[in-house]
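Based on what follows, work out the 3D shape:
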Amino acid sequence: MLVIVVSIDTTADNIAAVRDAITTMEKASREEAGCHDYTFAVELSDPNRLRITECWEDEAALKAHFATPHMAAFNAAMAAAAPRSMDLKCYEATEVPFPISRG
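Purely as a prediction, here's the structure:
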């Protein structure tokens, strides 16, 4: 499984400007084959920081996601309300039982 973690430093006004695009992106992405989760959140302690967490079955599902119309529309909305910075990390993960056994 691939886990994508994105941190976007922007403004509360920019977040408000792309709210509809975010809602569309979340809903459409969650319906894609291979998507286990797709969630946006604004940090409670910093209303100018947007977080995106994605979980994808594999690289093929993620690549298909990049080619969707809703991704293109979201990218256009983000370009119109450009963030100050963005940090994206991709992790390969294996699900383990919780709580993790210590012995």
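
Okay, now the sheet partners of the helix or strand where residue 36 lies, with direction.
Using DSSP states H and E, residue 36 sits within strand 35-43. With DSSP bridges as the test, strand 35-43 is paired with strand 46-56 (antiparallel).

what is the rounded mean pLDDT of the partner strand?
For strand 46-56, the mean per-residue pLDDT is 97.

for the spatially most central residue of the chain, what are its contacts?
Centroid-nearest residue in the chain: residue 52, 3.2 Å away (criterion: CA atoms, centre = their mean). Neighbour list for residue 52: 4, 5, 6, 8, 38, 39, 40 [criterion: CB atoms under 8 Å, 6 or more residues apart in numbering]. To be clear about C-beta, it is placed using only N, CA and C from the backbone, and glycine gets the same treatment.

residue contacts, the second one?
Which is residue 5. Residues near residue 5 by CB under 8 Å, 6+ apart: 51, 52, 53, 88, 89, 91.

Noted, bye for now.
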